[in-house]
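1. A structural model of the following input is requested.
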Amino acid sequence: MPTDPSLEAFCAFFNKLDKTYTKKLYEIYTDDVVFRDPLHHIEGRDALKRYFDTLYANVSSCRFEFHDALQQDREACVTWTMHLQHPRLSGGQPISVSGCSRLTFSVDDPQRVCRHHDYFDVGTMLYERLPLVGPTIRWIKRRVGD
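-> Numbering: from 1, shown residues only. You can find the predicted model right below:
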């Protein structure tokens, strides 16, 4: 678990994040934040809020278990496991996805993140969970793994 106060605040914020908490993104992100994940590239806190509003609109539950953290100056990486429950994924059953966030804290406001890049296997989180595509993706992964 992180020990730097800025990184601890970031991790704590993400465990409060839901469809009603996105209005507080200003607490941890700069106005000009750049956010990336395997599916999106978003610039600006207002655009990020819209993305999170859409993302969390139908989520039944989501929490993060944070593991290892490394931080040097303004750069940080933290590994995590996301525990997600969404009615359209895996029949609404909980799923777990491992990932890592690379963060850059602002020079002008070191308590806030100006760059956030998430790394995770989108197949594990999404494609394998879809009713029609999922079985095919899992079959391909088994074949490649043999």
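2. give me every residue that touches residue 106.
-> 30, 74, 112, 113, 114 (C-beta atoms under 8 Å, 6 or more residues apart in numbering). C-betas here are computed from N, CA, C, even on glycine.
3. return the member of those nearest to residue 101.
-> Taking C-beta to C-beta as the measure, residue 101 sits nearest to residue 113 out of the contacts of residue 106, at 9.2 Å.
4. who wins for most neighbours among the contacts of residue 106?
-> residue 113 (26 neighbours; other C-beta atoms under 10 Å).
5. ok, that one touching residue 11?
-> No. Between residue 113 and residue 11 there is no contact, the gap being 11.5 Å when judged by C-beta atoms under 8 Å.
6. which of the contacts of residue 106 lies closest to residue 124?
-> The closest of these, once distances to residue 124 are taken by C-beta to C-beta, is residue 113, at 24.8 Å.
7. helices of this structure, start to end?
-> 5-14, 45-56, 122-125, 134-145 (DSSP state H).
8. make CSV out of those and add mean neighbour count.
-> Formatted as CSV, the helices of the chain follow (neighbours: other C-beta atoms under 10 Å):
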stretch, mean neighbour count
helix 5-14, 17
helix 45-56, 15
helix 122-125, 17
helix 134-145, 11
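9. closest to residue 107 out of these?
-> helix 5-14 (12.8 Å).
10. check what pLDDT the most centrally placed residue in the chain gets.
-> Nearest to the mean C-alpha position of the chain, by C-alpha atoms, centre = their mean, lies residue 118 at 6.0 Å. If you check residue 118, the pLDDT there is 97.
11. same question for the one 4 residues further on.
-> pLDDT, the model's per-residue confidence, is 81 for residue 122.
12. ok, it touching residue 38?
-> Yes. Taking contacts as C-beta under 8 Å, residue 122 lies within contact range of residue 38: 4.2 Å.
13. what sits up against stretch 64-76?
-> Contacts for stretch 64-76 (C-beta under 8 Å, 6+ apart): 1-4, 6-7, 11, 14-15, 77-83, 102-107, 110.
14. go again with 7 Å.
-> 1-2, 4, 7, 11, 14-15, 77-83, 103-105, 107, 110 (C-beta atoms under 7 Å, 6 or more residues apart in numbering).
15. likewise for stretch 27-46?
-> By C-beta under 7 Å, 6+ apart, the surrounding residues in contact with stretch 27-46 are 9-10, 13, 25-26, 48, 51, 106, 109, 112-118, 120, 122.
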